[in-house]
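K.L.:
with the input below, show me the fold.
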Amino acid sequence: MSGKERIIVFPSRMALTQMKMRLKGAEKGHSLLKKKSDALTLRFRQILAKIIETKQLMGDAMKQAGISLAEAKFAAGDFSHTIVHNVDKAQSKVRNKRDNVAGVTLPLFEHYADGADTYELTGLSRGGQQVQKCKEIFGKAIKLLVDLASLQTSFVTLDEVIKITNRRVNAIEHVIIPRIQRTIDYIVTELDEREREEFFRLKKIQEKKEIQRERDAKAKAAWGISQGDADETDCKEIFDTSQDEDLLFH
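P.N.:
Below you'll find the model as predicted:
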């Protein structure tokens, strides 16, 4: 196993605990990012459906607006110059709002009317009804345009965020978590190997001690010394003729 496939750590109990904590954090982060991605994808699909619907409405509105403009010009004549001279301030305005979806801020545009109608007297002499109808239809078309712009902006923003989130989810799922898992497996394998080596070492020590005991027993037997009084015999003086009491082992 190369260093690129796992994290370079010294195999120890502390390192194993740290890797398990990192694995738990990575799994939790993956779960949260996955939920975020699902929520953003759901909103993305809803916005896409609204964009399709709004574009269809927009096509019909612009078609009606073109027809109503032709009817108004036919009834009232060319009133565009009159409107341009009378209008000094826009009545239709757009305000910017914010919407939050799973921690992602989406820009929203809202259409509203501000100020008096500067061309309300246009077509008063003739064709006033057609001009008013044309104004209402174009007002609806402008509102649909603002709604479509808001949806398109949110669509593009969500598309970028979803791509970034999915890349992070895939990186955690296919790179980070497997790397940590391989590191944990490596540490567990090394610790098991150390335990086996320690067990083998202790076993060899016990065998050597047993062999040494057998050698000592044979040497003492050759000198006529029993196993129980070996230590006491070694401590007796040469001219000591006293008899030691028997030792009773319970």
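K.L.:
which stretches of this structure form helices?
P.N.:
13-76, 80-86, 128-171, 177-222, 230-235 (DSSP state H).
K.L.:
worst average pLDDT in these?
P.N.:
Lowest mean pLDDT within those: helix 230-235, a mean of 49.
K.L.:
reformat the helices of the chain as CSV; add mean neighbour count.
P.N.:
Any C-beta I mention is one placed from the backbone N, CA and C, and that applies to glycine too. Output for those, formatted as CSV (neighbours: other CB atoms under 10 Å):
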stretch, mean neighbour count
helix 13-76, 15
helix 80-86, 11
helix 128-171, 17
helix 177-222, 13
helix 230-235, 11
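K.L.:
which one of the ones you listed lies closest to Arg98?
P.N.:
helix 128-171 (10.7 Å; CB to CB).
K.L.:
still on that earlier bit, nearest to Ile7, out of the helices of the chain?
P.N.:
So among the helices of the chain, helix 177-222 is nearest, using CB to CB, at 4.5 Å.
K.L.:
tell me which other helices or strands that closest one touches.
P.N.:
Applying 3 or more CB pairs under 8 Å, 6 or more residues apart in numbering; DSSP states H and E, one finds that helix 177-222 contacts helix 13-76.
K.L.:
any idea of the angle the helix it packs on forms with helix 177-222?
P.N.:
Relative orientation of helix 13-76 and helix 177-222, computed by axes from the mean of the first three to the mean of the last three CA atoms, to 10 degrees: 170 degrees.
K.L.:
state the distance from Met19 to Ala171.
P.N.:
Met19 is 18 Å from Ala171, where distance means CB to CB, to the nearest Å.
K.L.:
try Lys135
P.N.:
Counting by CB to CB, the gap from Lys135 to Ala171 is 54 Å.
K.L.:
skip the chain neighbours and tell me the closest residue to the residue nearest the centre of the chain.
P.N.:
Centroid-nearest residue in the chain: Leu33, 2.9 Å away (criterion: CA atoms, centre = their mean). Nearest residue to Leu33, sequence neighbours excluded (CB to CB, 6 or more residues apart in numbering): Val169, at 4.9 Å.
K.L.:
now swap in Leu145 and tell me
P.N.:
Excluding the flanking residues, the one nearest Leu145 by CB to CB, 6+ apart is Met58, at 6.9 Å.
K.L.:
the one you found and Gln46, how far apart?
P.N.:
Going from Met58 to Gln46 by CB to CB gives 18 Å.
K.L.:
and if you look at Asn166?
P.N.:
Per CB to CB, Asn166 is found 18 Å from Gln46.
K.L.:
same question for Arg196.
P.N.:
Applying CB to CB to Arg196 and Gln46 gives a distance of 59 Å.
K.L.:
over to Lys97?
P.N.:
17 Å.
K.L.:
do the same with Lys140
P.N.:
23 Å.
K.L.:
and if you look at Arg182?
P.N.:
Applying CB to CB, the value for Arg182 to Gln46 is 40 Å.
K.L.:
do His30 as well
P.N.:
Taking CB to CB, one finds His30 at 25 Å from Gln46.
K.L.:
test my guess that Ser150 contacts Asp99.
P.N.:
No - the pair Ser150 and Asp99 fails to qualify as a contact (CB atoms under 8 Å) at a distance of 9.5 Å.
K.L.:
quick check: closest non-adjacent residue to Ser92.
P.N.:
Residue nearest to Ser92 in three dimensions, not counting chain neighbours: Ile142, with 5.4 Å by CB to CB, 6+ apart.
K.L.:
next one: Leu57
P.N.:
Using CB to CB, 6+ apart and skipping residues adjacent in sequence, the residue nearest Leu57 is Leu144, 5.7 Å away.
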